[in-house]
Every structure is written in structure tokens, then in C-alpha cells.
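Chemist: Provide a 3D model corresponding to the input given below.
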Amino acid sequence: MDIRGKRALVTGASGGIGRACALMLARHGARTIVLADIDAEGLAAVAAEVAGLGAEALTETVDLSDSAAAIAMYARAEERSGGLDIIHNNAGIMGGPPDFPDDNIDRMIAAMQINLIAMMIGTKMGVGFLRARGVPGVIINTASTAALGPLPKDPAYAASKRGILAYSESCKPLHAEFGIRVIPLCPAVTDTPIVAKDADWLQPILESIRLLQPEEIAEEVRRIIEDDSVSGEAVVVHNEPLAQ
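Modeler: Residues are numbered from 1 along each chain as shown. As a prediction, the model looks like this:
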């Protein structure tokens, strides 16, 4: 898919991977980008950057842990944009701190709601929008390499990300049937605000790898969008090991 002239939605857009992807889309000629996040101030700043690159920036301040609010936001995004071609379900949080098993149940539930349930809502509604308009489209769901194995200090995060992987891979037949590609993206440890860099359990990992940068993930998102053969299977972006 050529990004030029397309309309996109990015959740978790006020910083990190979401911001980098929104700016990438604007640089590559997207017509309209709907930016969604709970952080209104951060959204305003990113919207100004997107507009400065020549794209129309629309903002949606939303708490994606509230499923009714998520449903309403996706419906508004479709209407306000004039019809979404690209959806990047990117919003996410960790299950802590504190670490499991001392983590908070409310935080655990919020992680599942934001990371997994909102993604499922956005994917299902996005598929419905595209089918109703009879057009192809791309839906990218940010999972994590945490989906590929156990994460003992944050099982809620790992479970939510594995759920994203399973849901997205299950959508693969939509490509052949409707021209709708659903792709789970699994970045390894990326330098974003949600990474608990002060967590003791994470220190040995951080000392042994080069952190990915949000712009590197955005470049992978661009590749996924533009390569119509990529569909249904996880796209994994690994950390490079540091020389010992």
C-alpha cells in the first residue's frame, strides 16, 4: 500500500512508538492522521509536529481501559477521517510496578483492557469499516517479543501481548477474502516511557543489549504497510547484543 494520500489512526500516539509512527506516516504523505491517547497535552504536541509535516492531524483523547470509550473513539475516527485505510493499534502499558506477584489487580486488569481488549475492538471495528467501504486496508497491532515466551515479573503484560499475537494471526484469512491485512508487530526492548528501566530484574537485560529506538520501529511499520505480501504472521524486531 502506498502511504501517500491515505488516512490513518495511531493509538498511543503521544510518545514513543506511536509518536514515531505518526511522524513517519506524515513524512511519507499520509493525508490525515488521527492521533489517540489519554495524554491530551502530549497529543497536542504531536499533532503540531504532524501538521508541520503537511498532514491533517486530528486528536482523540481517550482512556482505552474503558471499552465503551474505545468503541466510541474508533467510530469517531472513521467518521472524522473520512474513512481509515491504516490502523495502528499501538497503545499499551506494563502490568507493574510493582512486579508480580506484588502487582496491583486493578493495574493488571487495565493492562489487559488497554493492550488486548482495545486492540481487539479496534481490529474488529477496523475490519468492519474497510469491508463496508469495499476497500483494502492495513491493521498493525503492536505486540512484543514478550509474547514469545514467559515474563515472570510481568505475566499480565506477557499474556496481553500473546493474546495480540493470537488474535492478529487468526485474522490472516481476511487478506485473501477482503484485501485486509492484519499484522502483529513484536518489537523487543524499545526506548519508550513504558519500559521500567529502574527495575532490578531488567538491569541484566539492559546491560546486554542495544535498546531499539522508536524510529526504528516506525521504519518497520512503514515497510509492513508498503509490502502487500506481509500479512498475518508476526514481524519481530530484535535487539542487537552489546559486545562483551
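Chemist: only C-alpha atoms from now on, for both contacts and neighbour counts.
Modeler: Fine.
Chemist: in terms of pLDDT, where does the residue positioned nearest the centre of the chain sit?
Modeler: Centroid-nearest residue in the chain, with Cα atoms, centre = their mean: N90, separated by 1.5 Å. We have a pLDDT of 98 for N90.
Chemist: so it sits against I139, correct?
Modeler: No - contact criterion Cα atoms under 8 Å: N90 and I139 do not qualify, at 10.4 Å.
Chemist: starting at the chain centroid, how far to the helix or strand of the chain with the lowest mean pLDDT?
Modeler: Every helix and strand of the chain was ranked by mean pLDDT, DSSP states H and E. The lowest is helix 203-206, at a mean of 88. Between the mean C-alpha location of helix 203-206 and the chain-wide mean there is a distance of 24 Å, by Cα atoms, centre = their mean, to the nearest Å.
Chemist: need the next SSE after that helix, C-terminal direction.
Modeler: If you walk from helix 203-206 toward the C-terminus, the next helix or strand you reach (DSSP states H and E) is strand 209-210.
Chemist: ok, that next one: who's next to it in the sheet?
Modeler: Sheet pairing for strand 209-210, assigned by DSSP bridges, gives strand 240-241 (antiparallel).
Chemist: show residues contacting the partner strand.
Modeler: Outside strand 240-241, the residues within contact range by Cα atoms under 8 Å, 6 or more residues apart in numbering are 208-211.
Chemist: returning to that earlier point: ok, the residue nearest to the centre of the chain - contacts?
Modeler: Residues near N90 by Cα under 8 Å, 6+ apart: 10-13, 17-18, 119, 140-142.
Chemist: give me that answer again for 7 Å
Modeler: 10-12, 18, 141-142 (Cα atoms under 7 Å, 6 or more residues apart in numbering).
Chemist: in strands, which of those residues appear?
Modeler: Counting by DSSP state E, these place 10-11, 141-142 in strands.
Chemist: now the helix or strand where F129 lies: buried residues?
Modeler: According to DSSP H and E, F129 maps onto helix 118-133. Buried positions in helix 118-133, judged by neighbour count with 16 or more other Cα atoms under 10 Å: 118-123, 125-127, 129-131.
Chemist: from those residues, pick the one nearest I38.
Modeler: Relative to I38, the closest of the buried residues of helix 118-133 is A118; by Cα to Cα it sits at 13.1 Å.
Chemist: the closest one reaches L64, doesn't it?
Modeler: Yes - taking Cα atoms under 7 Å as the definition, A118 is a contact partner of L64 at 6.1 Å.
Chemist: overlap in contacts, these two.
Modeler: Both A118 and L64 are contacted by A70, under the criterion Cα under 7 Å, 6+ apart.
Chemist: if anything else comes up later, I'll come back, but that's it for now.
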